[in-house]
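Chemist: Starting from these lines, generate the structure:
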Amino acid sequence: MAEGFGKILKAGTRVLFSLLGGVAGYQVAQIILRQGWWKGGSMSHIIAINLLFIGALSLTGFILSIYFVKGLVFIGTFSERQLQTKSWHDLSVSVIGLIVGLLVANLIALPFSGLPAVGSYIAVLLNLTLGYLGVRIFSRRRDEILNMWSSLGGLKGKLIFRGKKGRQPPSQGQQEDLFLEESRETPPKILDTSVIIDGRILDVAKVGFLEGPIVLPRFVLTELQSVADSTDPSKRSRGRRGFDVVSELQKLREIHVQVLEMTLKDLGLEAVDEALIALAKQVGGKILTTDYNLNMRAQVEKVVVLNVNDLANSLKPVLLPGESLVVEILREGKEPNQGVGYLEDGTMIVVEDGQRHIGRKVEVFVTSLLQTSAGRMIFGRYVREVQR
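Modeler: Numbering: from 1, shown residues only. Down below sits the predicted model:
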């Protein structure tokens with residue numbers, strides 16, 4: 001269908017340019033005859049002159065139409081290729097910038113419009129310059145403009161919703177603006193896929209340790225859906241577990257979970273981690289995660305991260321070097337004569353001289369601890385074997 005439309009467009013353009021060329025040729029012939037530039041006034045001479053110029057300029061118009069269509073195809077292909085990487089928000093902001101630039105240019109050009117000869121050229125120059133500057137400035141300040149627009153929309157929604165109770169409740173978009181506007185005092189917590197699948201955030205929320213709005217972006221739900229649709233049974237069960245966690249969070253009265261209708265395309269990004277960081281910067285929120293790499297990336301970007309692993313580690317029983325504990329050696333360690341055991345909370349203990357006591361409970365003297373966002377490790381020395 002597209003090819004057929006292209007052929008019709010080419011044929012129509014060639015006919016149009018040929019007709020315009022023929023009309024222009026007829027007008028040129030009339031000018032030549034009126035001015036007397038062509039000698040000979042018989043009817044045959046007049047017809048010959050008209051046919052000559054009409055045919056010549058019609059042929060010129062036909063030839064120009066070929067290059068005109070090629071130019072249109074090139075411009076269309078180039079524009080489409082450039083716009084593929086632009087989101088709808090980028091295009092909207094650029095159009096608004098162009099309109100503002102043209103309005104300012106025409107206001108400035110008014111005093112110069114009366115100038116002879118140069119007035120129209122100044123107006124054209126101002127329109128081109130300020131139109132381009134408007135697009136550039138608004139594109140560079142895209143996030144600030146969208147934030148201002150959201151703030152105005154949220155204020156408008158509040159006035160309508162609170163001042164006129166007889167009207168209909170705010171739409172989904174107005175609710176999101178209200179939600180983000182009211183969350184400025186308490187920064188919103190943005191959920192990522194890892195913390196949802198982990199599930200411990202549900203227990204934290206149930207005991208009331210989460211306050212403020214909880215934001216669940218649409219692109220996180222999309223990633224969770226892809227996990228739930230995986231052909232790997234393990235990933236599929238984790239994804240379904242994640243949706244169960246989301247459903248339970250929405251039922252809690254202590255918190256408010258808001259699904260934010262924002263996609264990766266809206267943010268102009270391709271990776272979920274980058275989108276989470278960009279969204280957190282935009283709304284002034286904090287990211288809830290268990291992903292160590294996202295944690296490190298967000299810290300570099302100066303975004304606050306609440307890592308559930310850090311919370312779990314901070315709640316583990318405190319052990320200091322010099323204390324003793326009893327643990328069962330389950331396997332050998334990486335280094336010679338090392339044994340490895342685990343506490344009830346999953347903390348790994350590396351025991352020197354513990355390899356020959358695998359499968360037995362021993363008393364361990366704690367020598368050092370290693371704390372990271374990925375977990376905690378305890379290093380100790382074998383003291384004695386403990387009877388079961």
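Chemist: where are the low-confidence patches of the stretch 1-150 of the chain?
Modeler: Residue ranges of the stretch 1-150 of the chain with pLDDT under 70: 1-6, 36-42, 79-80, 82-89, 116-118, 142-143, 146-150.
Chemist: change it to 80
Modeler: Residues of the stretch 1-150 of the chain that meet the criterion pLDDT under 80 lie in 1-10, 32-49, 72-92, 111-122, 139-150.
Chemist: Quick one: the helices in it, in order.
Modeler: 2-35, 43-83, 88-109, 119-140, 142-163 (DSSP state H, counting those that start in this stretch).
Chemist: Also the stretch 201-350 of the chain?
Modeler: Using DSSP H, counting those that start in this stretch, the helices of the stretch 201-350 of the chain run over 218-228, 233-251, 264-267, 272-283, 292-300, 308-314.
Chemist: closest to Gly22 out of the ones you listed?
Modeler: helix 264-267 (48.5 Å; CB to CB). Backbone N, C-alpha and C define where each C-beta goes, glycine included.
Chemist: what packs against the closest one?
Modeler: Using 3 or more CB pairs under 8 Å, 6 or more residues apart in numbering; DSSP states H and E, the elements in contact with helix 264-267 are helix 88-109, helix 272-283.
Chemist: a markdown table please, covering those helices and showing distance to Leu330 and mean neighbour count.
Modeler: Compiled in a markdown table, the helices and strands packed on helix 264-267 are given as follows (distance: least, CB to CB, whole Å; neighbours: other CB atoms under 10 Å):
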| stretch | distance to Leu330 | mean neighbour count |
| --- | --- | --- |
| helix 88-109 | 54 | 16 |
| helix 272-283 | 35 | 20 |
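Chemist: before we move on, back to that, could you export the helices of the stretch 1-150 of the chain as JSON lines, including distance to Gly341?
Modeler: Output for these, formatted as JSON lines (distance: least, CB to CB, whole Å):
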{"stretch": "helix 2-35", "distance to Gly341": "68"}
{"stretch": "helix 43-83", "distance to Gly341": "59"}
{"stretch": "helix 88-109", "distance to Gly341": "54"}
{"stretch": "helix 119-140", "distance to Gly341": "57"}
{"stretch": "helix 142-163", "distance to Gly341": "51"}
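Chemist: right, so of the ones you listed, which gets closest to Lys281?
Modeler: Here helix 142-163 is closest among the helices of the stretch 1-150 of the chain (CB to CB), at 7.8 Å.
Chemist: I'm done for today, thanks for sticking with me.
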